[in-house]
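>>> Only the shape, not the letters, is given here:
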DNA sequence: ATAATTTAGTTAAACGTTTACCTTGGAGAT
DNA sequence: ATCTCCAAGGTAAACGTTTAACTAAATTAT
């Protein structure tokens, strides 16, 4: 037989209201004796309160949605971890949704999360998304976007990194170290971070009196395969270069591997810099010089921001721009 | 104003039962006309059914719990992805829980998940867990364990890999390739996979007439740090060796890095084999020879098994032992 | 023409809580 | 002794659905 609050009330000889009060710690007006009696019966009968029923009346589920492209992409686990840690700390759970950068999946999940009455959503949208859709505009629960905002959607907040400065710093460093002809192998240009990094790349070049040449920029995807592929293309096209600034670490890793296959030495012949500083960056040879993003902190901050708006805490700002750090290792001389 | 099923019913001029039926597709007895009218009103008013309320009456939440040590550990994202994919496919969501191998956190989550009335749980328990606890025994929702079972807990199923054979194959291969003195650097011995891999290691040695020497086995944790550290210890103790079978890939990566620092060449001086075949395995130099675990499939299968028991489909077996594959790359000669 | 069945819906109870408001008994004040 | 007030707890409505059981009308069978 199902043990509900009624069972406990009957067994303890009190009303269900009293049980509810002791379960939820709203027990200022409950005597020590009654409280202990109730607690004892609860323990004996192994009563587990049904939070679905609570949610019905409180209209809070204490659940957050986390919508990201792919948890198996090394960029996201740290974010997820940050989100989950803060959430747990505040008594929330998180529902994980992988969209594969697919707009339809994305909207399907948003719908599902709304139906499940999550209190809020943390959202890294598809890099393919150009603009808001009807279904996003209809959304009536708080959203914090991470890494990328969504053009035209007003959210409760945004947590990101200064991609332009990150890229600028990286390219500036390469120039300072004597690299002369620096390519940029990017992720998908539809993604805002990609565009911002490109901007930083340009600006670093220009402020050092190096002409920007769009033939030295190669647009692809955030994967190591794109790194391999692009190097092959570049080499077979006899493009001259001695440095590569990559859109992310995955690309950089593909690049380094393929450079080695072509007997080019990193960092002596070619300098390579990545972006993200994923876990793998120190495992490869040479260790990757890269622009570190504080991914864990981004997730953590996003959850914090979201929960604060949910609980109507004062929020001093809702657009957090976190700092990147240039991590100098051995893929640059 | 909140749009509920009542609003729709009133606007469409039908009863809430009718609305419920069309929303849920139980509309055999609804005329085309009525259905369209209801659907139109739903769309116009942007009605989103409240699944919390549904859950109250159906006693199903269509939500699964996924309890793992740490999503940021490269072994788990693929599992999570497998779980989530199958779950989505069947109309379920998944709540992510990171336990950090902490028994208390683990039990805290289990409690939370029960309160939130998840339909089932997929669980990779702490490698530190020795046996069932009271709170686990009280659990009354279906559980599938992944990778490791829990001694004394009867679950709805178990999905794992044949660790012993995997280890046996790896060590056998090393012996065949001419490595003579093969160390084994393990994860925590409390974890069952560690013990099974150790068994495979022993068996491979013995069936090739090499005496097993427990001084050549080093117990630690599943991290690259442990790999570094252990190599230092081994070298400063002047232990002789020409091969290392590592408890997982992370350890192997730490090992390879530190071996390089000591000017030992992999695979010529020392052969190294890992376990798992995580994403990084091909990114390092030399590419890692390792025992591949089908992690995505494990997650996928676990979710499938769980959902089948939830939906009372016939299940032919509830203990899935998946096969490992020895992936030969360049860290062995 | 009447009875039986089918179709297209409606009614109302139930799910397990929370919480605003009410009741009761006793302590303290006068 | 009476009044006031407070402490301790009870009552009952409400949350938004699903679904078994019911009804009324239309169709089919006899």
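Now that the structure is in, tell me what you want to look at. This one's a predicted model, so the numbers in the text were calculated from it and none came from an experiment. Numbers count the residues shown, from 1 in each chain, chains lettered A, B, ... in the order given.
>>> other SSEs contacting the strand or helix carrying residue A:174?
Using DSSP states H and E, residue A:174 sits within helix A:163-176. Here helix A:163-176 touches strand A:182-186, helix A:192-206, strand A:243-246, strand A:271-276, strand A:289-292, strand A:325-327, going by 3 or more C-beta pairs under 8 Å, 6 or more residues apart in numbering or on different chains; DSSP states H and E. For the C-beta atoms, the positions are set from N, CA and C on the backbone; glycine is no exception.
>>> change it to 7 Å
Using 3 or more C-beta pairs under 7 Å, 6 or more residues apart in numbering or on different chains; DSSP states H and E as the contact test, the elements touching helix A:163-176 are helix A:192-206, strand A:243-246, strand A:271-276, strand A:289-292, strand A:325-327.
>>> Name the nearest residue to the residue of the stretch 201-333 of chain A found nearest chain B, sequence neighbours excluded.
In the stretch 201-333 of chain A, the residue that lies nearest chain B is residue A:285 (4.3 Å; C-beta to the nearest C-beta). Closest residue in space to residue A:285, ignoring its immediate chain neighbours: residue B:285 at 4.3 Å, by C-beta to C-beta, 6 or more residues apart in numbering or on different chains.
>>> Distance-wise, check the one you found relative to residue A:231.
Residue B:285 is 16 Å from residue A:231, where distance means C-beta to C-beta, to the nearest Å.
>>> At which residues are the strands of the stretch 1-150 of chain A located?
In the stretch 1-150 of chain A, strands defined by DSSP state E, counting those that start in this stretch lie at A:63-68, A:93-98, A:120-123, A:143-146, listed in chain order.
>>> following the last one, which helix or strand shows up next?
Same thing as strand A:143-146. In N-to-C order, the element after strand A:143-146 by DSSP H and E is strand A:157-161.
>>> List the contacts of the nearest residue to residue A:53 once chain neighbours are set aside.
Leaving out its chain neighbours, the residue that sits closest to residue A:53 by C-beta to C-beta, 6+ apart is residue B:56, at 6.3 Å. Residues in contact with residue B:56 (C-beta atoms under 7 Å, 6 or more residues apart in numbering or on different chains) are A:52-53, A:56.
>>> Mind doing that once more with 10 Å?
Residue B:56 makes contacts with A:50, A:52-53, A:55-56, B:50, B:117, as judged by C-beta atoms under 10 Å, 6 or more residues apart in numbering or on different chains.
>>> could you give the angle of the helix holding residue A:174 to helix A:192-206?
40 degrees (axes from the mean of the first three to the mean of the last three C-alpha atoms, to 10 degrees).
>>> quick one: helix A:163-176 to strand A:271-276, angle?
Angle of helix A:163-176 versus strand A:271-276, following the same axes, to 10 degrees, is 160 degrees.
>>> which parts of helix A:163-176 are buried?
By neighbour count on 16 or more other C-beta atoms under 10 Å in any protein chain shown, the buried set for helix A:163-176 is A:163-175.
>>> And for stretch A:105-116?
Buried, per 16+ other C-beta under 10 Å, within stretch A:105-116: A:105-107, A:109-110, A:112-116.
>>> can you check stretch A:180-196 too?
Buried, per 16+ other C-beta under 10 Å, within stretch A:180-196: A:182-188, A:191-194, A:196.
>>> Same check on stretch A:39-52?
A:39, A:41-42, A:47-52.
>>> As JSON lines, these with distance to chain B and pLDDT would be great.
JSON lines is the format used below for the buried residues of stretch A:39-52 (distance: C-beta to the nearest C-beta, whole Å; pLDDT from 0 to 100):
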{"residue": "A:39", "distance to chain B": "16", "pLDDT": "97"}
{"residue": "A:41", "distance to chain B": "15", "pLDDT": "97"}
{"residue": "A:42", "distance to chain B": "13", "pLDDT": "97"}
{"residue": "A:47", "distance to chain B": "10", "pLDDT": "96"}
{"residue": "A:48", "distance to chain B": "5", "pLDDT": "96"}
{"residue": "A:49", "distance to chain B": "6", "pLDDT": "97"}
{"residue": "A:50", "distance to chain B": "6", "pLDDT": "98"}
{"residue": "A:51", "distance to chain B": "5", "pLDDT": "98"}
{"residue": "A:52", "distance to chain B": "5", "pLDDT": "98"}
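>>> Contacting DNA strand C as well, which ones from those residues?
A:47-50 (C-beta under 7 Å from any atom of the strand).
>>> ok, back up a step: quick check: which of the helices and strands packed on helix A:163-176 is nearest to residue A:309?
The closest of the helices and strands packed on helix A:163-176 to residue A:309 is helix A:192-206. By C-beta to C-beta, the value is 22.7 Å.
>>> Could you tell me how far the closest one lies from the centre of the chain?
Averaging C-alpha positions (C-alpha atoms, centre = their mean, to the nearest Å) puts helix A:192-206 21 Å from its chain's average.
>>> same question, stretch A:143-153
11 Å.
>>> Repeat that for stretch A:244-260.
The answer for stretch A:244-260 is 22 Å, by C-alpha atoms, centre = their mean.
>>> Next, the buried residues of it.
Neighbour-count burial for stretch A:244-260 [16+ other C-beta under 10 Å]: A:244-259.
>>> For the lowest-mean-pLDDT helix or strand in chain A, which helices and strands make contact with it?
Ranking every helix and strand in chain A by mean pLDDT, DSSP states H and E puts helix A:134-137 at the bottom, with a mean of 89. Helices and strands touching helix A:134-137, as assessed by 3 or more C-beta pairs under 10 Å, 6 or more residues apart in numbering or on different chains; DSSP states H and E, comprise helix A:103-115.
>>> Can you work out which other helices and strands pack against the helix it packs on?
Short answer (3+ C-beta pairs under 10 Å, 6+ apart): helix A:103-115 packs on strand A:63-68, strand A:93-98, strand A:120-123, helix A:134-137, helix B:51-58, helix B:76-89, strand B:93-98.
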